[in-house]
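> my questions concern the predicted model and sequence given below.
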2 protein chains.
Amino acid sequence: MPSDVQKNLQEKNAAYAKQFTQGSLALPPAKKYLILTCMDARIDPAAAFGIDLGDAHVIRNAGGSARDAHRSIIISQQLLGTKEILLIKHTDCGMLTFSNEDAHGLVVKNLGPTAAAEIASLNFHAFPDLEAAVKEDVETLKKGATVAADVPISGWIYDVKTGEVSQVV
Amino acid sequence: MPSDVQKNLQEKNAAYAKQFTQGSLALPPAKKYLILTCMDARIDPAAAFGIDLGDAHVIRNAGGSARDAHRSIIISQQLLGTKEILLIKHTDCGMLTFSNEDAHGLVVKNLGPTAAAEIASLNFHAFPDLEAAVKEDVETLKKGATVAADVPISGWIYDVKTGEVSQVV
């Protein structure tokens, strides 16, 4: 039997598909850029960042971590032709609220020693300072050999209280 | 000077922020679920999957890879309380069009030996069969020690031509 969450997906998607008219878009992003942002539930990238369907790749993970997006960024740029990166972190991010040790401690406590061993070497990439984290991740991308030197990379903060983005770097 | 892509973000976001009224949402997802899907430009998860702002984490990477979302899933579930996972891959995915060797070859060719060395051990998680990839990733999540045994995990395919999702598992 479908869960409430699955039922919601099926019902809302049926309504979406009924009025869907954009089935002919090409695979590579039309505007050749990618946005890297957080998985946070309060961010709707298409609406908040003005992305029309088909225009940009959107990579999302916990914190909008550049290191964690390594594989996806290479694929986006080398195989699907994107040529610009916008990194957008946000205020009140969960990553500001815990340390790497906290996260490992919770896994031991909630999931047990097998899980803890499975992720023993995992870096959760939590960060204590939002603006510093934006700058650091932009630097990581710029220094990394896997983004071409001529790719513009900008760093932004989205304010979940006001809906506004502001540029950091 | 801002690029066209940066100008688009600034202008569209200014209009979004002007009418924004949802600044009081809580950090943890209200409906306690997470969607893992692809970064593909033709997917608008909020609209296509019926996610209201604040309801769910949305993790996106190349192919909607479960292995690549390891860190984010643990944070979503252990630190921010999500209790259900919907994995949604899609038709005409870029990951169906190349092999791990192709990707490594492109990095050598386009970015040179330093970049190639930096990612020598990287698995790009390309897949030749869409439905099999959905099943395999759901299995990966179910078997992994880092998702609790009682978390429902379902697997879906989104059709980029019709806008419809269908359940695989």
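All right, it came through fine.
> quick one: pLDDT of A:M1?
Looking at A:M1, its pLDDT stands at 89.
> looking at this, A:F127 is in a strand?
No. Looking at A:F127 with DSSP: H, G, I helix; E, B strand; the rest coil, it is coil, so not inside a strand.
> number of residues surrounding A:E164?
Neighbouring residues of A:E164 were enumerated by other C-beta atoms under 10 Å in any protein chain shown; the total is 18. C-beta: built from backbone N, CA, C; applies to glycine.
> just the buried positions in the helix or strand of chain A with the lowest mean pLDDT, please.
Of the helices and strands making up chain A, the lowest-confidence element is helix A:113-118, at a mean of 92, by mean pLDDT, DSSP states H and E. Judged by neighbour count using 16 or more other C-beta atoms under 10 Å in any protein chain shown, the buried positions of helix A:113-118 are A:115-116.
> next SSE downstream of it?
Secondary structure here is assigned by DSSP states H and E; on that basis, the next helix or strand after helix A:113-118 toward the C-terminus is helix A:130-143.
> restrict that following helix to CA atoms and write it as CSV.
What follows is helix A:130-143 as a C-alpha-only set of coordinates in CSV (Å, rounded to 0.1, in the frame of the first residue of the first chain):
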residue,chain,number,x,y,z
LEU,A,130,28.4,30.4,6.5
GLU,A,131,30.3,33.1,4.6
ALA,A,132,33.6,31.5,5.1
ALA,A,133,32.2,28.2,3.9
VAL,A,134,31.0,29.9,0.6
LYS,A,135,34.4,31.4,0.1
GLU,A,136,36.2,28.1,0.9
ASP,A,137,34.1,26.1,-1.4
VAL,A,138,34.5,28.5,-4.3
GLU,A,139,38.3,28.3,-3.7
THR,A,140,38.1,24.5,-3.7
LEU,A,141,36.4,24.6,-7.1
LYS,A,142,38.8,27.1,-8.5
LYS,A,143,41.9,25.3,-7.3
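> distance from it to the middle of the chain?
14 Å (C-alpha atoms, centre = their mean, to the nearest Å).
> any part of it near chain B?
No. Judged by C-beta under 8 Å from any C-beta of the partner chain, helix A:130-143 makes no contact with chain B; its nearest approach is 10.5 Å.
> contact partners of that helix?
Residues from elsewhere that reach helix A:130-143, judged by C-beta atoms under 8 Å, 6 or more residues apart in numbering or on different chains: A:63-67, A:73, A:85, A:87, A:89-91, A:93, A:95-96, A:127, A:147, A:153-157, A:168-169.
> please flag which of those residues sit within helices.
If you go by DSSP state H, the contacts of helix A:130-143 have A:I73 in helices.
> give the PyMOL command for selecting the buried subset of the contacts of helix A:130-143.
Here the buried members of the contacts of helix A:130-143 are turned into a PyMOL selection, burial being counted by 16+ other C-beta under 10 Å:
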select buried, chain A and resi 63+64+65+66+73+85+87+89+90+93+95+96+127+147+153+154+155+156+157+168
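> of the contacts of helix A:130-143, list those near chain B.
Of the residues in the contacts of helix A:130-143, proximity to chain B by C-beta under 8 Å from any C-beta holds for A:65, A:95, A:154, A:156.
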